[in-house]
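1. with the sequence up front, the predicted model follows.
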Amino acid sequence: MAVIVSPGQNEIQQMQKLGLDIAPHRKRMNESEPGLAQKFKDTEDPLRLVFVCAMWLTGFDAPSCSTVYLDKPMRIHTLMQTIARANRVFPGKHSGVIVDYANVFASLEKALAIYGAGKDGKNPVRDKKLLVEELRKAVVEATAFCTQQGVVLDEIESLGHPLPLGEGRGEGSGLERLQRIEDAIDALIAPDPLRREFLGHERLVGTLYQAVKPEPTALEFTGRVACLGTLAGAIRAKLNPNPPDISGVMSQINGLLDDSITGHAIREQGPPALDLSKINFEALAQRFKESKHKNTDLEMLKAAIRAKLEKLIALNRTRADFAEKFEDLIESYNAGSRSIEELFEELLKLSNSLNDEEQRHVREHMSEEELVIFDILTRPAPELSPKERAEVKKVARDLLTRLKDLLVLNWRQKSTARSQLKLTIEDTLDMGLPRAYTPELYQQKCSAVFEHVYESYPERNAGVYA
């Protein structure tokens, strides 16, 4: 916490008469590095509470600030400016909170009458009890959505209270709860529209819950919020193709559940990262046939393919057709024109294709960087004979070598450097490309190569290939 006070003449003596020493506060306000304003705006900084007098009440903007405590009379524009400190939009923030100790609400209504009462004449200031009702409604809707998918949250939460051994439930209840959670994840993880809707419900509930706290009323919802957060967190972890050890996530969840429902661990280790180049596809297909959680297995394969695609396309944008094929497959499944088994089989074929594409530069006897320029020059046209393909490969190698010598510091900001780069591309292609390239196609390839270099080499020895 910190004290923020406007400077005044003879302030040290004035404060001393009141038995206060403002010197260390003033030193901190003036000499902190980084400054207190910057620290307060940083959501990772431990400075979370400031006591302000005049300074920071008007003109200071910290969007993450969520709560303002008022303990002195204010009115008109000063009051509007002050409450606006908590009313900025910020990720994960539902609304600002004004805690009024000085009974300024009557003055606030007058200020709103002057400055406007919000959209459609509605008063933007509401009692916090209404927020609790919004949370209750969101919880009911999220619970109903889960129930429609066969996920009964009450049953999962009830298994969090194991009875002593010999009294009906014991160690087995933990395994039963684990199984229920895995079943719930499989029911909510796919198809994509269903998963997005569930995660939307969970985000809304979580945001409203955080906005209601620290009201004691929030305790009523802690168990349900924790249960929804557990399922959403586990789904997001499974969608991560290279997940961290999920036990850390589970430990965090355990802490949240301690005061409401008994903690648990979904598994000691997260789902294995899928390295497509090392997958035994026949074994994976057989495992899928026998799996009880086909939705989960499918989403993990999709996440691995999506990560592989992002990597391959970042290196070579001519591979975008693979991404289009992938999205078409997903869309056809979401639309109901493919069964889950058919989609899994098609994705396995696509995975094989990606593995082949990743190694194509080796078969072409080129580096990945050379292959990109070669692909730009040959895709989608023209048709080339084996001899002409060899000529284009030589052009790609020579051009890359010449271009790298021209990538000076801040070359993208220097018109001379850009012009020299364009001339080099035009000269090299003009001299080396076979006759299969028409003048129009030649110009297209020159522009495409320059665009590739501009996007992929922001600086010398920097970029996606560094």
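-> Perfect, thanks for sending it.
2. all contacts plus neighbour counts: C-alpha atoms, from now on.
-> Will do.
3. other residues contacting stretch 60-67?
-> For stretch 60-67, the surrounding residues in contact (CA atoms under 8 Å, 6 or more residues apart in numbering) are 40-41, 43, 85-90, 93, 95-99.
4. can you tell me what sits against stretch 11-20?
-> Contacts for stretch 11-20 (CA under 8 Å, 6+ apart): 21-23.
5. separate out the buried members of these.
-> I22 (16 or more other CA atoms under 10 Å).
6. just the closest of the contacts of stretch 11-20 to I4, please.
-> Relative to I4, the closest of those is I22; by CA to CA it sits at 10.5 Å.
7. enumerate every residue touching the closest one.
-> Counting by CA under 8 Å, 6+ apart, I22 has contacts 11-12, 15.
8. repeat that for 6 Å
-> Neighbour list for I22: empty [criterion: CA atoms under 6 Å, 6 or more residues apart in numbering].
9. next up, phi/psi of it, please.
-> Per-residue torsions, I22: phi -90, psi -10 (degrees, to the nearest 10).
10. what does I4 give?
-> Given degrees, to the nearest 10, the pair of backbone angles that I4 has is phi -120, psi 110.
11. got any ranges where the protein has weak pLDDT?
-> In the predicted model, the chain carries pLDDT under 70 at residues 109, 112-124, 160-174, 241-281.
12. which stretches of it form strands?
-> For the chain, the strands defined by DSSP state E cover 2-5, 50-53, 67-70, 97-100.
13. need those strands in CSV with mean neighbour count and distance to P34, can you?
-> What follows is the strands of the chain, written out as CSV (neighbours: other CA atoms under 10 Å; distance: least, CA to CA, whole Å):
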stretch, mean neighbour count, distance to P34
strand 2-5, 16, 14
strand 50-53, 13, 16
strand 67-70, 17, 23
strand 97-100, 17, 27
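14. reformat these as TSV; add distance to L377.
-> Shown next, in TSV, are these (distance: least, CA to CA, whole Å):
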stretch	distance to L377
strand 2-5	62
strand 50-53	61
strand 67-70	58
strand 97-100	59
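15. show the buried residues in the contacts of stretch 60-67.
-> 40-41, 85-88, 93, 95-98.
16. ok so, going back, out of the strands of the chain, flag the one nearest H361.
-> Of all the strands of the chain, it is strand 67-70 that lies closest to H361, at 57.0 Å by CA to CA.
17. pull that closest one out as CSV, backbone CA atoms only.
-> Coordinates of each C-alpha in strand 67-70 appear next as CSV, following Å, rounded to 0.1, in the frame of the first residue of the first chain:
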residue,chain,number,x,y,z
THR,A,67,-12.7,-0.5,-6.0
VAL,A,68,-12.9,3.1,-4.8
TYR,A,69,-13.6,3.8,-1.1
LEU,A,70,-15.1,7.3,-0.5
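18. adjacent strands (with direction) for that strand?
-> Sheet pairing for strand 67-70, assigned by DSSP bridges, gives strand 97-100 (parallel).
19. count of neighbours near the closest residue to T78 other than its chain neighbours?
-> Among residues not flanking T78 along the chain, T58 sits closest, at 7.0 Å (CA to CA, 6 or more residues apart in numbering). Using other CA atoms under 10 Å, T58 is surrounded by 16 other residues.
20. ok, now how distant is T58 from P73?
-> Plainly put, T58 is 15 Å away from P73 if you go by CA to CA, to the nearest Å.
21. same thing with R236?
-> Counting by CA to CA, the gap from R236 to P73 is 48 Å.
22. likewise R338?
-> For R338 relative to P73 (CA to CA), the value is 66 Å.
23. out of the two, which sits in the busier spot?
-> Each of R338 and P73 has its neighbours counted (other CA under 10 Å); R338 has more, 16 against 13.
24. tell me the centre residue of this protein?
-> The centroid of the chain falls nearest to R236 when counting by CA atoms, centre = their mean (10.5 Å).
25. which residues touch it?
-> By CA under 6 Å, 6+ apart, R236 has no neighbours at all.
26. just L194 next, same as before
-> For L194, the contact set (CA under 6 Å, 6+ apart) is empty.
27. separation between it and V449?
-> Taking CA to CA as the measure, L194 falls 41 Å from V449.
28. now swap in T438 and tell me
-> With distances taken as CA to CA, T438 is found 16 Å from V449.
29. repeat that for I185.
-> Separation of I185 from V449 (CA to CA) stands at 46 Å.
30. cool, L329 as well?
-> Separation of L329 from V449 (CA to CA) stands at 31 Å.
31. what do you get for R389?
-> Here R389 is placed at a distance of 17 Å from V449 (CA to CA).
32. try L403
-> Counting by CA to CA, the gap from L403 to V449 is 10 Å.
33. more neighbours, those two?
-> Counted by other CA under 10 Å, L403 and V449 do not tie: V449 has more neighbours, with 19 against 16.
34. show me what contacts C146?
-> Applying CA under 6 Å, 6+ apart to C146 gives no contacts.
35. of the contacts of stretch 60-67, closest to Q413?
-> For the contacts of stretch 60-67, the nearest to Q413 is K41 (32.2 Å; CA to CA).
36. and the residue nearest to the closest one when sequence neighbours are not counted, backbone torsions?
-> Of all residues not flanking K41 in the chain, A62 sits nearest, at 5.3 Å (CA to CA, 6+ apart). Phi and psi for A62, reported as degrees, to the nearest 10, are phi -130, psi 90.
37. all further residue positions should be reported with the first residue as 69.
-> Done: numbering now begins at 69, and the last item shifts to A130.
38. burial measure for A130, as a count.
-> 20.
39. any idea how far L176 is from A279?
-> Taken as CA to CA, the span from L176 to A279 is 22 Å.
40. okay, the two: which has more neighbours?
-> Counted by other CA under 10 Å, L176 and A279 do not tie: A279 has more neighbours, with 22 against 19.
41. OK, contacts around that one?
-> Taking CA under 6 Å, 6+ apart, one finds nothing in contact with A279.
42. switch to 8 Å and redo it
-> 161-163, 199.
43. before we move on, the earlier item: okay, the residue nearest to T146 and I151: tell me how far apart.
-> Distance, T126 to I151, using CA to CA: 9 Å.
44. try S435
-> S435 is 59 Å from I151, where distance means CA to CA.
45. looking at the two, which is more packed in?
-> Regarding S435 and I151, a neighbour count based on other CA under 10 Å identifies I151 as having more, with 22 against 12.
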